[in-house]
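[1] need coordinates for the below:
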Amino acid sequence: MSTVLSGCDHGDDFSGFDALTIARTGSLELDMTPDEAQPLFTAPGEKLWIPTWDPVMLSGDGYEKGTAFVTSNHRHTTYWLVTDYDTAAKHAQYVRVTPGANTGTVDVSITSNGNGGSTVVVAYQLTGLSPSGNADLEDSFSESKYAAMMEEWRTMINDSREKIDDHFDR
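    Numbers count the residues shown, from 1 in each chain. Model (predicted):
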């Protein structure tokens, strides 16, 4: 039995397809403790600092392993599953699938920076699911664009600090 993935350039035949995998790791410094920072890297937490982020929760609350949610951004629908959310280790892992485009993982690890703040390390590993998915990864996840994304995240979080603090009653 064959499965046809909607939006794929190659239908259901992956035999001649050369999938591209891109791994990127970057970090950002935040002027908040790891305990304060961790909830910001969840489906509901990112709503506080990303204006276009509007996940639809399918199961779970976003702060626990097994949470499933869907987002629609950048012309694509992406399905997410939280595979790890460890408040003691300050680590979260997400598996994501954007049909016809890419699939992979997002890992977030947060540590104290020794100055009362946090270092957030974000690692993406994504594999293209189509020729256009490969091309999108090469463009959207180039080393320079990934570094710029980390800086943009830091800026958006800092610019949203009042909203974040009000939400968490800090």
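
[2] now the end-to-end length of stretch 34-48.
    The first residue of stretch 34-48 is 17 Å away from its last residue (CA to CA, to the nearest Å).

[3] all helices of the chain, in order?
    34-37, 43-46, 131-140, 143-159, 161-167 (DSSP state H).

[4] between those, which gets nearest to His91?
    helix 34-37 (10.3 Å; CB to CB). For glycine as for every other residue, the C-beta is placed from the backbone atoms N, C-alpha and C.

[5] list the buried residues for stretch 150-157?
    Met150, Trp153, Arg154, Ile157 (16 or more other CB atoms under 10 Å).

[6] ok so, going back, tell me which of the helices of the chain is the most buried.
    Counting by mean count of other CB atoms under 10 Å, helix 43-46 has the highest mean neighbour count of these, with a mean of 20.

[7] need the strands for this structure, in chain order.
    For the chain, the strands defined by DSSP state E occupy 21-30, 56-59, 68-73, 76-86, 91-98, 102-112, 118-128.

[8] so which of those strands comes closest to Pro44?
    With respect to Pro44, and counting by CB to CB, the nearest of the strands of the chain is strand 56-59 at 7.7 Å.

[9] tell me what the closest one is packed against?
    For strand 56-59, the elements it packs on are strand 68-73, judged by 3 or more CB pairs under 8 Å, 6 or more residues apart in numbering; DSSP states H and E.

[10] what sits up against the strand it packs on?
    The contact list for strand 68-73 (CB atoms under 8 Å, 6 or more residues apart in numbering) reads 43, 52-60, 62, 77-82.

[11] so for stretch 28-43, mean pLDDT?
    Stretch 28-43 shows a mean pLDDT of 97 in the predicted model.

[12] from the middle of its chain, how far away would it be?
    On the basis of CA atoms, centre = their mean, to the nearest Å, stretch 28-43 sits 14 Å off its chain's mean C-alpha point.

[13] start and end of it, how far apart?
    This stretch, stretch 28-43, spans 19 Å end to end (CA to CA).

[14] residues contacting the residue most central in space within the chain?
    Nearest to the geometric centre of the chain sits Val106, at 5.3 Å (CA atoms, centre = their mean). Val106 makes contact with Gln93, Tyr94, Arg96, Val122, Ala123, Tyr124 under the criterion CB under 8 Å, 6+ apart.

[15] show me the contacts for Met150.
    Applying CB under 8 Å, 6+ apart, we find Met150 in contact with Gly26, Ser27, Leu28, Val122.

[16] cheers, nothing more for now.
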